[in-house]
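Engineer: A predicted structure for the sequence below; I have some questions about it.
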Amino acid sequence: MADCEKLATCAFFKEYQEDESKKLALAGLANMYCRGDKQDVCVRKKVSKALGGPVNVPVNMMPNGQPLAGTSSDGWSDAVKTAMKL
């Protein structure tokens, strides 16, 4: 399976790729959602499409739609939360 077309520009991976404490988790997420069979269920991709682009997706949102450990969804807009349910 080919890599997700958004992997190279994904704000989530770009933001946290240099954080040594998160590298293992990021690799696992990338293998499942960006290089594996869960590309079609990536919540980041879904929200991006619904809201007109990746700049509207919270940077701390993991591909499964949860906030990255140690962060919160408190600042996520209502539009993001609605798009996640579509």
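Structural biologist: Good, I have the coordinates. Numbers count the residues shown, from 1 in each chain.
Engineer: what number of residues lie near residue 68?
Structural biologist: By other Cβ atoms under 10 Å, 20 other residues sit near residue 68. Bear in mind the C-beta positions are built from the backbone N, C-alpha and C, glycine included.
Engineer: mind checking how far the spatially closest residue to it that is not a sequence neighbour is from residue 2?
Structural biologist: Leaving aside its chain neighbours, residue 68 sits nearest to residue 60 (4.7 Å; criterion: Cβ to Cβ, 6 or more residues apart in numbering). Distance of residue 60 to residue 2, given as Cβ to Cβ, to the nearest Å: 26 Å.
Engineer: which one of the two has more residues nearby?
Structural biologist: Counted by other Cβ under 10 Å, residue 60 and residue 2 do not tie: residue 60 has more neighbours, with 19 against 7.
Engineer: which residues touch that one?
Structural biologist: Taking Cβ atoms under 8 Å, 6 or more residues apart in numbering, we find residue 60 in contact with 12, 15, 67-68, 71-73.
Engineer: do residue 76 as well
Structural biologist: Contacts of residue 76 were listed using Cβ under 8 Å, 6+ apart, and they are 58, 61, 67.
Engineer: 6 Å instead, please
Structural biologist: Neighbour list for residue 76: residue 58 [criterion: Cβ atoms under 6 Å, 6 or more residues apart in numbering].
Engineer: go on, residue 48?
Structural biologist: Residues in contact with residue 48 (Cβ under 6 Å, 6+ apart) are 54, 57.
Engineer: name the element it belongs to?
Structural biologist: Using DSSP states H and E, residue 48 sits within helix 43-51.
Engineer: got the contact list for the helix or strand following that helix?
Structural biologist: Remark: after helix 43-51, the chain's next helix or strand is helix 78-85, criterion DSSP H and E. By Cβ under 6 Å, 6+ apart, the residues outside helix 78-85 that reach it are 43, 47, 50-51, 65.
Engineer: now helix 78-85 - C-alpha only, CSV.
Structural biologist: Output of helix 78-85 as CSV, limited to C-alpha atoms (Å, rounded to 0.1, in the frame of the first residue of the first chain):
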residue,chain,number,x,y,z
ASP,A,78,-17.0,23.4,17.5
ALA,A,79,-16.5,23.1,13.8
VAL,A,80,-13.7,20.5,14.3
LYS,A,81,-15.8,18.6,16.8
THR,A,82,-18.8,18.6,14.4
ALA,A,83,-16.6,17.4,11.5
MET,A,84,-15.3,14.5,13.6
LYS,A,85,-18.8,13.2,13.9
